[in-house]
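K.L.:
sequence first, then the predicted structure:
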Amino acid sequence: MSEPKTTVVEVRVPSRLGFEKVAMSAAASVAKLMGFRDDRIEDLKTAVAEACINAIEHGNRMNENLSVGVVLSAGVDSLEVKVMDDGKGMNRQPGAVHKPDIDLKMRGKEDPRGMGMFLIQALVDEAEWVAGAKGKNSYVRLVIRLDKETK
Amino acid sequence: MQNETKAHVEQLISSAGHQVTVLRFEGDIASTSKDAVLGTYQALPRETRLVLLDFTKVDYINSSGIALVIQLLIEASKAGQKVCAFGLSAHFNKVFTMVGIPKYADLFSNQAAALAAM
């Protein structure tokens, strides 16, 4: 019996803010071809954009000599997205992601920024952050499944 | 790669007869939008009491853009102003709700609904 086929699409974008939209569009195109509903594609677009922004800002520290790799692996019933950078990264599971507190932000007790990881883990079905060996090649791995009920 | 953020200001009257200052945004709202979002807001007259944010022509908002909206809300709160918003897509309405913005700014589907409530 043959294994279910996985189709892989790879994109590399420069570490310059704005280019996350290229990865976002590629992810949306693959998800559309796979038959994802429009609302799930919107979730994916935001998650991929935020993952790329983190890779550009924190992973590659805006160094335009470095690029961000995005690998889209389309399986039978799910799409996996890996967003890779040259930073040290972090090992973090979704449960450890800080949930923004709007009351603290409004009172100046919490930075108004810092919502990217929260949005990523809230908008996809799986998210994990993996630190690369020797302080390089870190990645975030996202999975979104077909036929998932709207969160 | 970012679509430049544009903003312009309009004065309208709410259903209750109050003056409402509308900030209409266009383009992307991201980290590069500080002048368009906060700069436009900060240039409003001090006596402004009701502010309505129009996102109808905004296609892309990221977490840095949402942070700018929160900064606007912080400043408006300190100034005793009420802020509402309309025109967000269903997705960004959900995202704004996930981060708690409706606690400090009511979100409406369109301008008429917002003006009826202000």
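P.N.:
Yep, that arrived. Residues are numbered from 1 along each chain as shown, chains lettered A, B, ... in the order given.

K.L.:
what's A:K88 in contact with, if anything?
P.N.:
By CB atoms under 8 Å, 6 or more residues apart in numbering or on different chains, A:K88 lies in contact with A:A131, A:G132, A:G135, A:K136, A:S138. For glycine as for every other residue, the C-beta is placed from the backbone atoms N, C-alpha and C.

K.L.:
is it fair to say it lies in a strand?
P.N.:
No: counting by DSSP: H, G, I helix; E, B strand; the rest coil, A:K88 is not found in a strand; it is coil.

K.L.:
ok, the lengthiest helix in chain B near chain A or not?
P.N.:
For chain B, the helix with the greatest residue count under DSSP state H is helix B:63-78. Yes: Helix B:63-78 comes into contact with chain A (CB under 8 Å from any CB of the partner chain), by way of B:S63, B:S64, B:I66, B:A67, B:L68, B:I70, B:Q71, B:L73, B:I74, B:S77.

K.L.:
give me the buried positions along that helix.
P.N.:
Across helix B:63-78, burial judged by 16 or more other CB atoms under 10 Å in any protein chain shown covers B:63-74, B:76.

K.L.:
want to throw these into TSV with pLDDT?
P.N.:
Listed next are the buried residues of helix B:63-78 as TSV, based on pLDDT from 0 to 100:
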residue	pLDDT
B:S63	97
B:S64	96
B:G65	97
B:I66	98
B:A67	97
B:L68	98
B:V69	98
B:I70	98
B:Q71	98
B:L72	98
B:L73	98
B:I74	97
B:A76	97
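
K.L.:
give the closest residue to B:S15 in space, chain neighbours not counted.
P.N.:
Sequence neighbours aside, B:A116 is the residue nearest to B:S15 in space, at 4.6 Å (criterion: CB to CB, 6 or more residues apart in numbering or on different chains).

K.L.:
neighbours of the one you found, how many?
P.N.:
For B:A116, the count of nearby residues is 12 (other CB atoms under 10 Å in any protein chain shown).

K.L.:
before we move on, back to that, which of the residues of helix B:63-78 next to chain A lies closest to A:S15?
P.N.:
Taking CB to CB as the measure, A:S15 sits nearest to B:S64 out of these, at 15.5 Å.

K.L.:
any idea how far the residue lying closest to the closest one once chain neighbours are set aside lies from A:L123?
P.N.:
Leaving aside its chain neighbours, B:S64 sits nearest to B:S31 (3.8 Å; criterion: CB to CB, 6+ apart). Per CB to CB, to the nearest Å, B:S31 is found 20 Å from A:L123.
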